[in-house]
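**Student:** Got a predicted structure plus its sequence, pasted below:
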Amino acid sequence: GRFPDQYFRLVFAAINGFLHLPDRTQQLQALAAVRRVLHPDGLLILDIFHPTPAILGTMDDRLTRDGSWQLPGDERLDRFTHRHIFPAEQRVRTTHYYDHVGPAGAVHRTIADYDLRYVHRFELETLLDLAGFAIEGIYGSYALDPLDDDSAPMIFVAHRRMP
């Protein structure tokens with residue numbers, strides 16, 4: 001309600017942002033809200049990961065070290081990530097561990113976690129259709145290669161379907 005109808009020419013939900021919506025109902029509500037504020041000539045772009053069995057398998061129950069960053073004063077920040085897949089709920093629980101290592105070697109750990117509700121290609125096509133969108137393209141890379149079994153991202157480009 002804060003923006004007038006048909007206000008934006010581009011809505012871009014990047015890097016899995018759309019997947020932070022916890023269920024199909026909220027995902028559909030968000031798409032309907034986007035459609036309301038999207039200009040008739042505007043585009044919606046959704047950039048989400050492609051939840052293939054191979055990609056989900058590389059995520060599940062693994063602890064990875066994402067990086068280490070040197071901080072001022074001879075301190076360091078290390079980040080580790082653990083993900084757990086809940087296939088029946090199409091959900092990924094991600095936990096980040098941030099280890100702040102002081103100059104004397106003392107470690108202070110901060111933990112942050114979140115869930116993503118992943119969607120498969122045809123489910124998202126249906127959600128877009130139900131929300132009043134027409135799909136212009138579905139891509140499997142940022143170079144706009146076709147989506148295939150080995151694609152890591154799924155990029156959907158859609159516009160408002162006219163009545």
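**Tutor:** Sure, I can see it. Numbering: from 1, shown residues only.
**Student:** where does the protein have low pLDDT?
**Tutor:** 1 (pLDDT under 70).
**Student:** list the contacts for residue 128?
**Tutor:** 31, 44, 135, 156, 158 (Cβ atoms under 8 Å, 6 or more residues apart in numbering). Where you see a C-beta, it was placed from the backbone N, CA and C, and this is true even at glycine.
**Student:** Same check on residue 78?
**Tutor:** 65, 67-69, 98-99, 101.
**Student:** Give the buried subset of the contacts of residue 128 as a ChimeraX selection command.
**Tutor:** Per 16 or more other Cβ atoms under 10 Å, the buried members of these correspond to this ChimeraX selection:
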select :31,44,156,158
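**Student:** Next step: the contacts of residue 128 restricted to helices.
**Tutor:** Among the contacts of residue 128, the ones falling in helices (DSSP state H) are residue 31.
**Student:** on that earlier part again, drop anything exposed from the contacts of residue 78.
**Tutor:** residue 101.
**Student:** From the contacts of residue 78, pick the one nearest residue 116.
**Tutor:** Nearest to residue 116 among the contacts of residue 78 is residue 98, at 19.1 Å by Cβ to Cβ.
**Student:** what's the following helix or strand after the helix or strand hosting that closest one?
**Tutor:** Assigned by DSSP states H and E, residue 98 belongs to strand 91-101. Later in the chain than strand 91-101, the nearest helix or strand by DSSP H and E is strand 107-117.
**Student:** quick one: the helix or strand that that next one is followed by to chain centroid distance?
**Tutor:** Next in sequence after strand 107-117, counting helices and strands by DSSP H and E, comes helix 121-130. Mean-position distance between helix 121-130 and its chain equals 16 Å (Cα atoms, centre = their mean, to the nearest Å).
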